[in-house]
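A.B. asks: give me a 3D structure for the following:
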Amino acid sequence: MERVKLAGGVTLSRLVYGLWRLTDDDDTSDAHVQAKIESCLEQGITSLDQAAVYGGFTSEALLGRALKSAPRLKDRIEIVTKCGIVFPAGRFADARVKHYDTSRAHIMASVDNSLALMGIEAIDLLLIHRPDPFMDHGETGRALDDLVDAGKVRAVGVSNFRPHDCALLQSAMAAPIASNQIQLGLGHTVPFTNGDIADMQTRAMAPMAWSPLGGGTLMANAPDGLAAAMDEIAAREGVDRAAVAVAWILAHPARILPVLGTNNLERIARLSEATHVGIDRQDWFRLYQLAMGHEIP
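C.D. replies: Predicted coordinates:
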């Protein structure tokens, strides 16, 4: 599978397996979690997307437990995780209100927790999970630089940041912001025109796309015209509609990394089909216009 080198030297697989719903599975045994990872690895998907907040602050521990019982997997994967969201659950049960925390103390504690819970020596890519309107960018930037210098984090990035948020944080950092993970797909095309993708291309940042299938809505409730077009391409390419939706993202020259999350082993085994789908410029614009609901000017 194609790999993408990020600023800072970290390399990720073009498709990233998302663990947002890892704890929602009926089967959270070590063996089942390992089976998901091994299925990804068989396809060349080596990058896993986590966050401290996932599963009410339990997902990292679940992954760590599985890796501990199968240490052979550790050297074959890259781990992306996030910090900065706090709400009353898990170790933050005493929080009075949901909030963002990008203070040095919180970032450092969150990274140490992530390392311990997942049983790893370094985080390949650490993301600030959401823009923090109360952020002291100087303090946050220095904390991220110090984590890179200490070797606890190999590269740093952000999630859901707008261009101005990226510019502010980068102004206080020596390490490059290597990636920005944003909502993007046929169900949410705005980043192609609101400056988000253009800014990332300008900064040589790797775009990551969360919810590339719109949380499943593209499969079940896509507009009739879009659904018909995806199904037509799917039949032509011998894949399903999901593979077409992901291939549409992969076709963009920004080299976007879709984050794909499913607990179904059969679906996991087919994730890489999207990399074999041919989407040319006219296919891309046909789907784009149908997704927007109107023709381009």
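
A.B. asks: contacts and neighbour counts: CA atoms only from here.
C.D. replies: OK.

A.B. asks: what's the lowest-mean-pLDDT helix or strand in the chain packed up against?
C.D. replies: Evaluated with mean pLDDT, DSSP states H and E, the helix-and-strand set of the chain has its lowest mean pLDDT in helix 217-220, which scores a mean of 82. Using 3 or more CA pairs under 8 Å, 6 or more residues apart in numbering; DSSP states H and E as the contact criterion, the elements in contact with helix 217-220 are helix 241-250.

A.B. asks: 10 Å instead?
C.D. replies: When contacts are defined as 3 or more CA pairs under 10 Å, 6 or more residues apart in numbering; DSSP states H and E, helix 217-220 packs onto helix 224-237, helix 241-250.

A.B. asks: from the chain's centroid, how far away is stretch 268-279?
C.D. replies: Averaging C-alpha coordinates over stretch 268-279 and over its chain gives two centres that are 17 Å apart (CA atoms, centre = their mean, to the nearest Å).

A.B. asks: please apply the same query to stretch 56-65.
C.D. replies: Average the C-alpha atoms of stretch 56-65, do the same for its chain, and the two points are 17 Å apart (CA atoms, centre = their mean).

A.B. asks: which secondary structure state does Ala209 sit in?
C.D. replies: Here Ala209 takes the strand state, with states given by DSSP: H, G, I helix; E, B strand; the rest coil.

A.B. asks: list the contacts for the residue lying closest to it once chain neighbours are set aside?
C.D. replies: Closest residue to Ala209 in three dimensions, ignoring its sequence neighbours and counting by CA to CA, 6 or more residues apart in numbering: Pro258, at 4.6 Å. With contacts taken as CA atoms under 10 Å, 6 or more residues apart in numbering, Pro258 has the following neighbours: 13-18, 181-185, 207-213, 246-247, 249-250.

A.B. asks: one more: Asp146?
C.D. replies: Asp146 is in contact with 104, 108, 140, 152-153, 173-175, counting by CA under 10 Å, 6+ apart.

A.B. asks: one more: Gly64?
C.D. replies: Under the criterion of CA under 10 Å, 6+ apart, the neighbours of Gly64 are 30, 70-71, 74, 114-120.

A.B. asks: same question for Met219.
C.D. replies: Applying CA under 10 Å, 6+ apart, we find Met219 in contact with 213, 227, 230, 240-242, 245.

A.B. asks: now swap in Tyr17 and tell me
C.D. replies: Shown in contact with Tyr17 (CA under 10 Å, 6+ apart): 36-37, 40, 45-50, 79-80, 258-262, 268, 271.

A.B. asks: what separates the closest residue to Thr23 other than its chain neighbours from Leu22, distance-wise?
C.D. replies: Of all residues not flanking Thr23 in the chain, Gly55 sits nearest, at 5.6 Å (CA to CA, 6+ apart). To Leu22, Gly55 is 7 Å away according to CA to CA, to the nearest Å.

A.B. asks: now swap in His137 and tell me
C.D. replies: Shown here: His137 relative to Leu22, a distance of 32 Å by CA to CA.

A.B. asks: ok, these two, which is more surrounded?
C.D. replies: Leu22 (23 against 19; other CA atoms under 10 Å).

A.B. asks: so what's the more buried one up against?
C.D. replies: When the contact criterion is CA under 10 Å, 6+ apart, the partners of Leu22 are 28, 33, 36, 50, 54-55, 58-60, 62-63, 261-263.

A.B. asks: show the pLDDT at it.
C.D. replies: For Leu22, the model assigns a pLDDT of 96.

A.B. asks: ok, and for stretch 63-70, which residues are buried?
C.D. replies: For stretch 63-70, a neighbour-count test (16 or more other CA atoms under 10 Å) marks 63-67 as buried.

A.B. asks: what distance separates that stretch from the centre of its chain?
C.D. replies: 21 Å.

A.B. asks: Phe285: which of the contacts of Leu22 is nearest?
C.D. replies: Using CA to CA, Gly261 is the member of these that sits closest to Phe285, with 25.7 Å.

A.B. asks: mind listing the strands for the protein?
C.D. replies: Along the chain, the segments classed as strands by DSSP state E run 3-5, 11-13, 16-18, 47-49, 78-83, 85-86, 99-100, 125-128, 156-159, 177-183, 206-210, 257-260.

A.B. asks: what are the boundaries of the helices in the protein?
C.D. replies: Along the chain, the stretches classed as helices by DSSP state H are 30-42, 54-57, 59-69, 104-118, 137-150, 163-170, 196-203, 217-220, 224-237, 241-250, 265-268, 281-292.
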